[in-house]
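Chemist: I would like the atomic coordinates for the input below:
(chains A and B)
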Amino acid sequence: MRPVRLSVVVTAATAVAALTAVTGCAEKSDAKSGGSGAVQVTATDTACKVSKTELPAGHVQLAVENKGSKVTEVYLLFPDDRIVAERENIGPGLKQTVTAEVKAGSYEIACKPGMKGDGIRQKITVTGGGTTAKRDPKLDAAVAAYRKYAQEQADETIPKVKAFTDAVRAGDLEAAKKAFAPSRLGWERTEPVAESFGDIDPKTDVREDGLEAGQKWTGWHRLEKSLWQDKKIVAADKTLATQLDTDLADWQKRVGTAEITPTSMANGAKELLDEVATGKVTGEEDRYSHTDLSDFKGNVEGAQQAYELLKPIASKNDPALTAELDKQFAGLSKVLDKYRSDKTSYDFVSYDKVTKEQRKELSDAVNALAEPLSKLAAATVK
Amino acid sequence: MTTEETSSEVTTTGPTAGSPAGSPAPSRRSLIGWGGAGLALGAVAAGGTVAALRTGEDAVPIADSGAAVAFHGAHQAGIATAVQDRLHFAAFDVTTTDRAELVQLLKDWTAAAALMTAGRPVGEGAYGGLAEAPPDDTGEALGLKPSRLTLTIGFGASLFAKGRFGLDAKRPDALVDIEKFPGDNLDASRSGGDLCVQACADDPQVAVHAIRNLARIGMGKTAIRWSQLGFGKTSSTTPDAQTPRNMMGFKDGTRNIAGTDAPDLAKHVWVGEKDGAKDGSAWMTGGSYLMARRIRMHIETWDRTSLQEQEDVFGRDKGEGAPVGKAKERDEPFLKAMKPTAHVRLAHPDSNHGVKILRRGYSFTDGTDGLGRLDAGLFFLAYQRDVRKGFIPLQRSLARNDALNEYIQHVGSALFAVPPGVRDKGDWWGRALFS
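Modeler: Below you'll find the model as predicted:
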């Protein structure tokens, strides 16, 4: 075990250095136009030209000019697609500057004409100013793919949340109840990413018992209580609904900046199962609506997504583990399927109708998956 | 209630302590138990038949309660072994349907049990491994002595059901479905189980650590169905030591089978070579049957009962524990002097065709019951060669007539076939059954 462990330490340490030592910021173009040291980025509808692809570590300035016909965005990205710095809403004909402090390593500049998709990419290399972090392209690709998934989940969630909050604002109790669980799915699938920001989760997903003294209760579960327990929508709920929209828009915007590593992906998958074990199996999460199994399914799907992306790496290091995980993911999904008649729907049996014996079966299946899942991180970085 | 620290008096009950043969190095903890080599020799010499069966091991003392009890032997430890102070008992459902997986689990459990009973952590230990992985061992027993930990496995009747693991032809006739006795109020979620593990130790944390780690290793293959903590032994298998008292304040287990009484063990506890010849259960030779009953005591009503009635109910006096009309605890009881419904009279071998069982029960208190009453009682554990000749006729009689029934209720029940001991490092729990 020793040699393996040492190599892991080295890898982990350098990865952390690369991830934490860099801070990004974006400045308005009128503050300072791109000087001679700046990288000229010429964005068009079909191209993203850069004036140089090698630059020294330290202060970096991207002088962006949008010569296309569409509104564009420009990003400076880590190899795993985490955002170093960005500038959105650059209209046709406009110039903007993006600045950042960067360490040595590989980066990409992405222009996104129409502000959609993965963008047009240019690789750049930053040299000097410390050792270059060794990165595994396979791990970077896995993280990038997971980030994309997390972003998609956020993007798809926003309109579902709006359907929910619109119903609340319209005072339509039944429509709001119906829209509640679907509005949470994308969030539940990627909760560790949202939680990594620290300040969003307490505003959107806190339960009454999780409140600190003096903390105002906002978010999904406050509305859940109004809908199912109070059985009425009051003016304050409509305000809360609008705040939920705002807070989740913040989440959607920040997914790209989340620090995600292969280890945090693997641990995030395990944490999703922990969420299930401590909140859903007990029926505490959605105690008024009893829609726990929908959240449960979301957690499992999100964990499985992270796992599937890491599997090509983990299966090389520990094939027995991935075989076990495949089996236990399938096993848990099978148990969950007992509680919905249509396997394409997220319309699950109300959790207050799930008996103590059935809850134990669900709990056993969660344990059966979570225990090997706790070994995924080590199998990924080994 | 008094809880005597009898362990220091324990010298010779069969199992000799020590690390498993071929262990790479003595653990930190077993070293602590190596204090007196002279004692070790004495223990082995006096251990008699049982000790003689345990060969190929370094002899080390069990005299102090921190020592290790040998895991390998002809019989599983934890039966004739001098009763430890604490218990954590767990019944498991087997959740896998794959026989090979179950066999692998039993091998993994055996390996972990051999380590833990020797005072070692499981797997690669509780720290120092990969930072990204959870440690193999949960760590709460680090720095604690082996504490005479024994781990004893049993197989429930449900494991032998047709269509499960192909064991139906090997189900012993003696592994019966236990009938409902009058007064039983059994809770299904506290009864039965495919497997059980009895963890006994002088330190409760060592016992809990053992069950917790076995449960963790079993996840995906097994799930705990129910478990029971016992905080104080109610029976001893060491007649020289002071008899412990149960939650009713009475000495319990005065006439128990001694762990050194080889003839009685052979007659009443160990399954004989010919016992399983007809029903395909020869694999049980050297094993035993474990009857577990969770017996809730109505503590508050008992406490309001007059001393006279309490003593009448048991048929012994409360202070000394002497049978009615006698002076000393170990005086031979004169059954006819007792009330016909007295517990001791009804349970005595003379009232039951000479039947004896080896009791190894523990007092429990699982907090209170929501009505402010202690949820307390006796977790009855008894080993016997055949329950059809032991516990069942005995309980039929007790359930019908015992005056004690007014103050107790049986709320959990499980019977397990306890296979013979793990012989050596190549052997594993249940090998004879699955081979």
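Chemist: Break down the stretch 101-250 of chain A into its strands, ranges please.
Modeler: A:105-111, A:120-127 (DSSP state E, counting those that start in this stretch).
Chemist: Need the winner for burial among those strands.
Modeler: Mean neighbours per residue, mean count of other Cβ atoms under 10 Å in any protein chain shown, is largest over those for strand A:105-111, with a mean of 22. All C-beta atoms are positioned from the backbone trio N, CA, C, and that covers glycine.
Chemist: Quickly run through the sheet partners of that strand, with directions.
Modeler: Sheet partners assigned to strand A:105-111 using DSSP bridges are listed as strand A:72-77 (antiparallel), strand A:120-127 (antiparallel).
Chemist: okay, these in JSON lines with mean pLDDT next?
Modeler: Below are the strands paired with strand A:105-111 laid out as JSON lines (pLDDT from 0 to 100):
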{"stretch": "strand A:72-77", "mean pLDDT": "92"}
{"stretch": "strand A:120-127", "mean pLDDT": "92"}
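Chemist: among those, which is nearest A:Ala330?
Modeler: Of all the strands paired with strand A:105-111, it is strand A:72-77 that lies closest to A:Ala330, at 35.1 Å by Cβ to Cβ.
Chemist: Touching the following helix or strand past the closest one from outside, list them.
Modeler: Toward the C-terminus, strand A:72-77 is succeeded by strand A:83-90 as the next helix or strand (DSSP states H and E). With Cβ atoms under 8 Å, 6 or more residues apart in numbering or on different chains as the test, strand A:83-90 has contacts from A:22, A:24-26, A:43, A:62, A:64, A:66, A:71-78, A:96-100, A:102, A:107, A:115, A:256-257.
Chemist: Model confidence for B:Gly36, exactly?
Modeler: Looking at B:Gly36, its pLDDT is 33.
Chemist: Which parts of chain B are strands?
Modeler: Assigned by DSSP state E, chain B shows strands spanning B:86-94, B:150-156, B:195-201, B:222-230, B:232-233, B:288-297, B:358-359, B:362-368, B:374-384, B:408-418.
Chemist: Now those strands in CSV, please, with extra columns for mean pLDDT and mean neighbour count.
Modeler: CSV is the format used below for the strands of chain B (pLDDT from 0 to 100; neighbours: other Cβ atoms under 10 Å in any protein chain shown):
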stretch, mean pLDDT, mean neighbour count
strand B:86-94, 98, 24
strand B:150-156, 98, 27
strand B:195-201, 98, 28
strand B:222-230, 98, 22
strand B:232-233, 92, 24
strand B:288-297, 98, 24
strand B:358-359, 96, 26
strand B:362-368, 96, 18
strand B:374-384, 97, 24
strand B:408-418, 98, 23
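Chemist: Out of those strands, which gets nearest to A:Ala163?
Modeler: strand B:222-230 (39.3 Å).
Chemist: from the chain's centre, how far out does the closest one sit?
Modeler: Strand B:222-230 sits 14 Å away from the centroid of its parent chain (Cα atoms, centre = their mean, to the nearest Å).
Chemist: for stretch B:332-348, same thing?
Modeler: That offset, for stretch B:332-348, works out to 26 Å (Cα atoms, centre = their mean).
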